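Participant: Predicted model and sequence below, questions to follow.
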Amino acid sequence: MIYTVTLNSSLDKTFDVEEFLYDEVNVILEEKRRAEGKGIDVSRVIRELGGQSTALGFMRGYSGLEVEGRLINEGIACDFTRANGETRSSITIHQRKKKMETLLSASITEVGQFEVATLYRKIRQIPGDSYVVLSGTMPPGIDDAFYAQIIAGLKDRNVKVFLDADGDALKKGLHAGPYLVKPNIHEFGRLVETNVKDQDDVLRQVAPYVGLADYLVVSMGARGAVGVSRDERFHIVPPRVDVKSSTGAGDAMVAGMVFALSEGGSFKDALTLGVACGTASTLQADPALCLKEDVYAVRKEIVIKNV
């Protein structure tokens, strides 16, 4: 079974107007609402691939109930931990005439210690031999070592943890020994504290970290990804596509990798499907949304290099 953990879920609302006018009543032509969060996006792509996962994290107030209801209607199982306050909302105002967008994002509510402990206990009860995806930043009230604590607490039951984080959460989590780590090239550069520009730089800097995780994958956008284990090193190169949005492509990539490995695939299989999912997601305007037929069409054109 696959579990995803989203500490910062949100309810995203998009309002289409013809043109935004100040000091005037602006008529909304179309409204869209969507549950969002990095782990949620991973669950969404796993569902598209034909798999199943359970989404964990915090659920707050009426917006949190809407997030949960929308995910259930998408066929995604949920087991959220109730928390005080209100789930964060973001509002995008899209002006059709000017083809411009303005984003309004609410602040993130601090998480109480009782809520942290409740979620931690729930995660510790995940059955052995499962797969867990930890992704995203920590909300106020949670220490950067939280992911590391989860990884350490699950390893003794052969739970394979995927970590997609940045900064101290990535550094501390990596030293706890996750199964797979997937920073993008900018996050990897911050980890190694040097400017990383391409796959050659990644391969030069990655050696000290290979033994800390079974697999280390660095995504590089249109240039694909570098994947390294103790015995294998690959550069996966996607085809060129007409990009509509790259937001959430990394989450789609993580989804492809965890799905492939949970189905018994090899590391090379996981990298290939992951890059295919990430690339296919850029064909859609919505974040981390990819269609299964696009994924497998892209996968046929991927180039796999041993490096």
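Facilitator: Everything's here; your move.
Participant: Could you check the pLDDT of Thr6?
Facilitator: Looking at Thr6, its pLDDT is 95.
Participant: Please verify my assumption that it contacts Gly39.
Facilitator: Yes - using Cβ atoms under 8 Å, Thr6 is in contact with Gly39, at 3.5 Å. For glycine as for every other residue, the C-beta is placed from the backbone atoms N, C-alpha and C.
Participant: got any residues that touch both of these two?
Facilitator: Common neighbours of Thr6 and Gly39 (criterion: Cβ atoms under 8 Å, 6 or more residues apart in numbering): Ala55, Leu56, Gly57, Ser135, Gly136.
Participant: Sort out for me which of the residues you listed are in strands.
Facilitator: Ala55, Leu56, Gly57, Ser135 (DSSP state E).
Participant: In contact with the first one, which residues?
Facilitator: It stands for Ala55. Per Cβ under 8 Å, 6+ apart, neighbours of Ala55: Tyr3, Thr4, Thr6, Gly39, Ile40, Ser43, Leu71, Ile76, Ala77, Cys78, Asp79, Phe80.
Participant: List only buried entries from these.
Facilitator: Tyr3, Thr4, Thr6, Gly39, Ile40, Ser43, Leu71, Ile76, Cys78, Phe80 (16 or more other Cβ atoms under 10 Å).
Participant: ok, the last one to Ala255 distance?
Facilitator: Per Cβ to Cβ, to the nearest Å, Phe80 is found 19 Å from Ala255.
Participant: One more: the second one?
Facilitator: Using Cβ to Cβ, Thr4 is found at 9 Å from Ala255.
Participant: same thing with the first one?
Facilitator: When distance is defined by Cβ to Cβ, Tyr3 is 13 Å away from Ala255.
Participant: chain center to the one helix or strand in the chain whose mean pLDDT sits lowest, what's the gap?
Facilitator: Ranked by mean pLDDT, DSSP states H and E, the weakest helix or strand in the chain is strand 100-105, scoring a mean of 89. Relative to its chain's centre, strand 100-105 lies at 22 Å (Cα atoms, centre = their mean, to the nearest Å).
Participant: Next SSE downstream of that strand?
Facilitator: helix 113-124 (DSSP states H and E).
Participant: buried ones in stretch 47-58?
Facilitator: For stretch 47-58, by 16+ other Cβ under 10 Å, it's Arg47, Glu48, Leu49, Gly51, Ser53, Thr54, Ala55, Leu56, Gly57, Phe58.
Participant: Torsion angles phi and psi at the second one?
Facilitator: To tie it back to what came earlier, the one meant is Glu48. phi -60, psi -30 (degrees, to the nearest 10).
Participant: Spatially nearest residue to it (excluding sequence neighbours)?
Facilitator: In space, and not counting its chain neighbours, Glu48 is closest to Lys292: 5.5 Å by Cβ to Cβ, 6 or more residues apart in numbering.
Participant: tell me the contacts of the one you found?
Facilitator: Contacts here follow Cβ under 8 Å, 6+ apart; on that basis Lys292 touches Glu48, Leu49, Gly50.
Participant: Which of the three states applies to the last one?
Facilitator: Secondary structure assignment for Gly50 (DSSP: H, G, I helix; E, B strand; the rest coil): coil.
Participant: per-residue confidence for the residue lying closest to it once chain neighbours are set aside?
Facilitator: Spatial nearest neighbour of Gly50, chain neighbours left out: Lys292 (7.3 Å); criterion: Cβ to Cβ, 6+ apart. Lys292 carries a pLDDT value of 96.
Participant: next one: Gly211
Facilitator: 87.
Participant: how close does it sit to Ser229?
Facilitator: Taking Cβ to Cβ, one finds Gly211 at 10 Å from Ser229.
Participant: ok, the two, which is more surrounded?
Facilitator: Ser229 (15 against 10; other Cβ atoms under 10 Å).
Participant: In terms of pLDDT, where does that one sit?
Facilitator: pLDDT, read off for Ser229, is 94.
Participant: what's the answer for Phe114, then?
Facilitator: At Phe114, pLDDT is 95.
Participant: Show the contacting residues for Ser281.
Facilitator: With the criterion set at Cβ under 8 Å, 6+ apart, Ser281 makes contact with Val45, Ser245, Gly248, Ala249, Ala252, Pro287, Ala288, Leu289, Cys290.
Participant: is it true that the fourth one touches Gly278?
Facilitator: Yes - here Ala249 reaches Gly278: they are 4.3 Å apart, a contact under Cβ under 8 Å.
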